[in-house]
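Q: have a look; sequence and predicted model below, questions after that.
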Number of protein chains: 6
Amino acid sequence: MRVDGRKNDQNRHIKITRNYTKYAEGAVLIETGDTKVICTASIEDKVPPFLKGKGEGWITCEYNMIPRATQVRKVRDITRGKIDGRTMEIQRLIGRALRSIVDLKAIGEKTIWVDCDVIQADGGTRTASISGAFVALVDAVNKLHKQSPFSIYPIRDFVSAVSVGIVDNVKMLDLCYEEDSKAKVDMNVVMTDSGEFVEIQGTGEQSPFSRADLNELIALAEKGAKHMIQVQKDSLKMDSLWVGTGDR
Amino acid sequence: MRVDGRKNDQNRHIKITRNYTKYAEGAVLIETGDTKVICTASIEDKVPPFLKGKGEGWITCEYNMIPRATQVRKVRDITRGKIDGRTMEIQRLIGRALRSIVDLKAIGEKTIWVDCDVIQADGGTRTASISGAFVALVDAVNKLHKQSPFSIYPIRDFVSAVSVGIVDNVKMLDLCYEEDSKAKVDMNVVMTDSGEFVEIQGTGEQSPFSRADLNELIALAEKGAKHMIQVQKDSLKMDSLWVGTGDR
Amino acid sequence: MRVDGRKNDQNRHIKITRNYTKYAEGAVLIETGDTKVICTASIEDKVPPFLKGKGEGWITCEYNMIPRATQVRKVRDITRGKIDGRTMEIQRLIGRALRSIVDLKAIGEKTIWVDCDVIQADGGTRTASISGAFVALVDAVNKLHKQSPFSIYPIRDFVSAVSVGIVDNVKMLDLCYEEDSKAKVDMNVVMTDSGEFVEIQGTGEQSPFSRADLNELIALAEKGAKHMIQVQKDSLKMDSLWVGTGDR
Amino acid sequence: MRVDGRKNDQNRHIKITRNYTKYAEGAVLIETGDTKVICTASIEDKVPPFLKGKGEGWITCEYNMIPRATQVRKVRDITRGKIDGRTMEIQRLIGRALRSIVDLKAIGEKTIWVDCDVIQADGGTRTASISGAFVALVDAVNKLHKQSPFSIYPIRDFVSAVSVGIVDNVKMLDLCYEEDSKAKVDMNVVMTDSGEFVEIQGTGEQSPFSRADLNELIALAEKGAKHMIQVQKDSLKMDSLWVGTGDR
Amino acid sequence: MRVDGRKNDQNRHIKITRNYTKYAEGAVLIETGDTKVICTASIEDKVPPFLKGKGEGWITCEYNMIPRATQVRKVRDITRGKIDGRTMEIQRLIGRALRSIVDLKAIGEKTIWVDCDVIQADGGTRTASISGAFVALVDAVNKLHKQSPFSIYPIRDFVSAVSVGIVDNVKMLDLCYEEDSKAKVDMNVVMTDSGEFVEIQGTGEQSPFSRADLNELIALAEKGAKHMIQVQKDSLKMDSLWVGTGDR
Amino acid sequence: MRVDGRKNDQNRHIKITRNYTKYAEGAVLIETGDTKVICTASIEDKVPPFLKGKGEGWITCEYNMIPRATQVRKVRDITRGKIDGRTMEIQRLIGRALRSIVDLKAIGEKTIWVDCDVIQADGGTRTASISGAFVALVDAVNKLHKQSPFSIYPIRDFVSAVSVGIVDNVKMLDLCYEEDSKAKVDMNVVMTDSGEFVEIQGTGEQSPFSRADLNELIALAEKGAKHMIQVQKDSLKMDSLWVGTGDR
């Protein structure tokens, strides 16, 4: 029995609030249990220097926590003078996850800035960020699409993420902070609606894991990611992504 | 008639949600119209070096906005590599406002970290921050007081803040962003429940103002600050601050 | 009786030395009592990005102290790796004060860099900086005006600044360091020759102040700012600013 | 047929030179094909603040490239003013890999600094770094062990790493730069001699991958990591790690 | 004939004003021609970590220019985010020059901070800084000596510095900016009163120089440094340094 | 007798390995005794802003050590957040040394980036860097020259550098670390093949030196630099530099 009464293969309760703030093109509050992340997608009409003139767009992500999102107050990056490694790692992961399901050529020379700001952290903030950011991204792209339809709709697939891990020798889905802090093995999995993997990051710093463990963890993650995609679909009121030339 | 239908001497609607997040000793969401700020107060059992061994406490404040709190996405401080001057100015102001009504000796060798993170900015974020942070501060101090009563209750008075300004030659209370961006004169006033001033910052960069203007603006501010303190009292369910030795 | 024998409504002795250094377009040493600030105004033939192509100029200010301007040596900003908040606050104040009396359109696409470097700090460095920088600014603008007359003379009014405060319950004008360090209330006032306010910054961090206190402090400040403007006029050998098309 | 004539399941030629420089407790040059990394392990007699007094040691890693390790000169971190995200990610990975096979309590209050400096980068620098750093770590630990034997020998297992990926729909082991730059899927796998996984990081930013792909890639990685461990053993002239109380 | 009418072996006019500011233990304004530098020496009762507990003192130097000390306004270090290389080089040079004539053991566990802030730069600022800083150092040390005599007087010798160079194939002493900017060879020489060299830094970036050139330049420098020391002596009203046990 | 058995006027063994890495246009490993530096020269087809449009090229140098090049591990610059002064001084010296023998107009609008990365430091790293960087520079320039001959061959002369010093009252050439750490006087000399001086930097921080000392040290340096140039010639298999229009 888990600390919050869940079954081992059960996600926490997920709640996605769209249009959470009023200025961003896409603005989502995602809650998975007590983890809460504001995800916004902002469109900018230019691309970073390395893409200038190539007719392609870009998606970049920044992740942060407000100082008291955590049990102990975390010093702000600007006070320490540098981004910490964990933050860097997470924002790179979110960026890759979103770019993997977007046709950057179809977007044209635009940058989509995705900001994930954690206001309460109870485990799984990086996977919640990916899952919530996807919804904000869809809202932002659809806003553009309504103003001036893309000839190819740029989002190719849904994407979501979940964590899995081994805690006290038990494999579990969607770890809360208390579980995460005791986990020997910890894995984050990013998947598409078509059932493929975008990213697998598993680490057994406390204790290495076997091929059999890997297989079981992957199976748990598949279940959890699928559930998350269903919640995304419900929230967006979309069963599938727009196909073809902006006919919606 | 103002853009949002208010009278010139009318505050926007104020909403204060206490216990907005679960980890901080005090955690408030304050909304004044569409401006939304998360204010947390965190207690740390040590003081900065300049106070070590003096038996006194300290209150320090940090202020920030999430990137898309504003119409145009604001680059994060850590990306620019430095805190911008406006942020610095604001967080120093909030710190002074809160310290002015706290007996730092009564607190003992503790630091209270106040964090104001703006999630939506529609004018008046610094005054909303002060007003919300005060409530978070009271919650944090009362939590300490319940665990181990202070011999002298350290908060001496309520404190709140409002903005006033001159827009199209009309003096107005509590400017929203659209008004603020056209204001020739802009003033932030911090007041106590006893009707005294903690801080007055008025600037007529666009056009200087007369002594008569000053008097009228101050009168408007007094009205607005008084209203804000009533909302704080309602939210805290306290008519006055605790006096004496933790008898509540 | 004050520490230096002055009356409560009396400025310290003011001395303004023009052309203090040889390279800057305007270069002033201002001394108010033992406070000494070098103020230079430098003209640059371009504007910051946000003004490019708008046909307008800009005035920006930087303020600093040499390390041993103060009783205890102050670590240089570059050693600490960041500008401290007080410096940021002051340079923003000086910039607003000077821009308030300049017609930036009349200047055209130029930036005037104003640098205030304190070489001895005995209280009131920010107000001395504003008052001295104004004279440097006039010299720099007049140098341009002689080379190629402006169609509209860009300086609209004189501007000066003074500090006032409450020390041991006595209201005083132009506080020296010893007074300032004991002041319960501290106010900086920036005024024009036409008797209007550009900026009022009053703070009662140690103890809030009443409306009556405010009125008395403002009256003291008016007297002090007026005196400072007379000294500026004497130094510049100008009773009024040039009007119209560079006929001087 | 691969660009360098290898079979798909074949590692590049590996060469490990121990005692490559004279000051470090462990100093290795590892070459995998044209990738060359200097790995040093340095012992320091103290631990970071978060471990002080706990009787445990720490292993931390830094990774860098000399500017012309790559085809295009890479600007130094200190010139850009910050560590780039890729570097941060890699050095955190190396640290986790090494800590996973070390008994930090057995080390006592010491820090082992592992530095991986790439002098030529032809793909797979992070996996070469892990594999080479392990050998440097063993040399450093053995040097300590000879001076004063550990009661428990602190290294529990061999650890090595390899990359695998999908290039032109072909799954391949140990990608060189030319292959890596075309790979749709890219995976780094860290394994122990006992055949368990310490870390799996697979990303399909260019195109997601299936469960079957994952299985095949893992199998390739197992083969490659095993070969690398054999080379480490040959280089160290050790078939197994010391067990028990320093009897060697 | 030189631009300012001097002979090739002639120093510019030197003026040393002691007690130039009121807070520092030693505070000198040195003027060599139009070059003006404020040099202060500040005593701190502790030493840097690398000297703690060794019973020795330290002298460290910082050098800076106010932005408009030069013809073109120089951006402040803190705005650029780093000290520029030239500044670093100069402050290290000044520090070495002063430490070379001081008995750091005799000082005890104190740090002397020497600050050289250039307010007008017309060539030779680094040599003027050394020469002026020496006088400030003597004043600071003597102030300490009067309060509590050193058992060994810590300053062993006078030290001064001059520049020499080759301009239009002519060897010259004490170059002003106009000469310096045309010089093919540029040399700074630091000497003691006993006629020995503390530092020689000669560079022929524009054109290498011969052994004969070197000899002539050194001879010019000896003449110039000797003159500077005489001016230091006159200013300090000391013919020689105190010897022995604080008997003055 | 010296610590390594050399005569006082004898260089350590010098070994220059060209084409040490495969990507840079010039890539040299220079070894002088146990000091080892990788020197690369990289060509970039643009110049820094201050040279844009002037038809001239530029040579800039960066110097660094890997952390364990030294006896005690040196913290990386990026961790400390700034380049240390010694590094800055050295890279400026190397840059000046190389620019002194290059015709920057002949190069055209190109920048040559010279990187000196020390992998083992046993004294004399800055002089080894200059000597090795020269060979890398020649290789890079010749590579350009073969692709498209310069109308004027841009390298005018050979340049090399050596250190000399006074250790235990004995004057010595090419100090190793053990000697260097005891030296009272330390001098670095940069010379051309034509026997002229590009740079002389001598410092007697521990104890000033006389004119006679200077002469003896210079003579030792001339001998050492000459030997180094012979080794450079042997390594490059060139007795003299190409003259005229790329006829080789």
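A: Happy to help now that I have it.

Q: and the residue of chain A nearest chain C?
A: Here the residue of chain A nearest chain C is A:G81; by CB to the nearest CB that distance is 6.4 Å. In short, each C-beta sits where N, CA and C put it, glycine included.

Q: pretty sure that residue is touching C:R80, no?
A: No: under the criterion of CB atoms under 8 Å, A:G81 makes no contact with C:R80, lying 10.5 Å away.

Q: between the two, tell me which one has more neighbours.
A: The residue with more neighbours, out of A:G81 and C:R80, is A:G81; 14 against 11, by other CB atoms under 10 Å in any protein chain shown.

Q: what's near enough to touch the more buried one?
A: Going by CB atoms under 8 Å, 6 or more residues apart in numbering or on different chains, A:G81 touches C:G81, C:K82, F:G81.

Q: okay if I get those as a markdown table plus secondary structure?
A: Converted to a markdown table, the contacts of A:G81 look like this (DSSP: H, G, I helix; E, B strand; the rest coil):
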| residue | secondary structure |
| --- | --- |
| C:G81 | coil |
| C:K82 | coil |
| F:G81 | coil |
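
Q: wait, which of those is closest to chain D?
A: Distance to chain D across the contacts of A:G81 (CB to the nearest CB) is lowest for F:G81, with 8.3 Å.

Q: any idea how far A:K82 is from the closest one?
A: The gap separating F:G81 from A:K82 is 8 Å, by CB to CB, to the nearest Å.

Q: do A:D103 as well
A: Separation of A:D103 from A:K82 (CB to CB): 34 Å.

Q: cool, A:P149 as well?
A: Counting by CB to CB, the gap from A:P149 to A:K82 is 43 Å.

Q: neighbour count winner among those two?
A: Remark: of A:P149 and A:K82, A:K82 carries more neighbours, 18 against 13, as counted by other CB under 10 Å.

Q: tell me if I'm right that the more buried one and D:R80 touch.
A: No: distance between A:K82 and D:R80: 11.9 Å, which falls outside the contact criterion (CB under 8 Å).

Q: and the helix or strand of chain A with the lowest mean pLDDT, what does it pack onto?
A: None of the helices or strands of chain A scores lower by mean pLDDT, DSSP states H and E than helix A:77-80, at a mean of 92. Applying 3 or more CB pairs under 8 Å, 6 or more residues apart in numbering or on different chains; DSSP states H and E, one finds that helix A:77-80 contacts helix B:77-80.

Q: enumerate the positions of the helix it packs on that are buried.
A: B:D77, B:I78 (16 or more other CB atoms under 10 Å in any protein chain shown).

Q: strands of chain A, start to end?
A: Secondary structure of chain A by DSSP state E: the strands cover A:14-18, A:26-32, A:35-44, A:58-65, A:111-120, A:159-167, A:170-173, A:185-192, A:197-203.

Q: what residues are up against A:K74?
A: Counting by CB under 8 Å, 6+ apart, A:K74 makes contact with A:M65, A:P67, A:R68.

Q: B:A27 is in contact with the last one, correct?
A: Yes: with contact defined as CB under 8 Å, A:R68 and B:A27 form a contacting pair (7.0 Å).

Q: who's more crowded, those two?
A: A side-by-side neighbour count of A:R68 and B:A27, using other CB under 10 Å, places A:R68 first with 29 against 25.

Q: how about the helix ranked longest in chain A and chain D, touching?
A: Counting residues, the longest helix in chain A under DSSP state H turns out to be helix A:211-236. Yes: applying CB under 8 Å from any CB of the partner chain, one finds helix A:211-236 in contact with chain D at A:R211, A:L214, A:I218.

Q: thought D:A212 was touching the last one, still the case?
A: No: using CB under 8 Å as the test, A:I218 is too far from D:A212 to be in contact (11.9 Å).

Q: how many residues are close by the spatially closest residue to A:V159 that is not a sequence neighbour?
A: Nearest non-adjacent residue to A:V159, counting by CB to CB, 6 or more residues apart in numbering or on different chains: A:I101, 4.6 Å away. Using other CB under 10 Å, A:I101 has 22 neighbouring residues.

Q: repeat for A:A219
A: A:A219 has 15 neighbouring residues, counting by other CB under 10 Å.

Q: so how far is chain B from it?
A: Here A:A219 is placed at a distance of 32 Å from chain B (CB to the nearest CB, to the nearest Å).

Q: go on, A:T60?
A: According to CB to the nearest CB, A:T60 and chain B sit 11 Å apart.

Q: need the per-residue pLDDT for that residue.
A: At A:T60, the model reports a pLDDT of 97.

Q: show me the contacts for it.
A: Applying CB under 8 Å, 6+ apart, we find A:T60 in contact with A:P48, A:G95, A:T111, A:I112, A:W113, A:V114.

Q: now, among the residues you listed, which is nearest to A:R6?
A: The closest of those to A:R6 turns out to be A:V114 (CB to CB; 29.0 Å).

Q: give me the number of residues near that closest one?
A: Applying other CB under 10 Å, I find that A:V114 has 29 neighbouring residues.

Q: and the gap between it and B:V28?
A: A:V114 is 28 Å from B:V28, by CB to CB.

Q: swap in A:L217?
A: From A:L217 to B:V28 the distance is 40 Å (CB to CB).

Q: show me which of the two is the more surrounded one.
A: Ranked by neighbour count (other CB under 10 Å), A:L217 and B:V28 place B:V28 first, with 28 against 24.

Q: can you pull out the low-pLDDT segments for chain A?
A: The model of chain A has pLDDT under 70 over residues A:242-248.

Q: so what's the spatially most central residue of it closest to, chain neighbours aside?
A: The centre of chain A sits closest to A:I130, judged by CA atoms, centre = their mean, with a distance of 0.5 Å. Nearest residue to A:I130, sequence neighbours excluded (CB to CB, 6+ apart): A:A161, at 4.0 Å.
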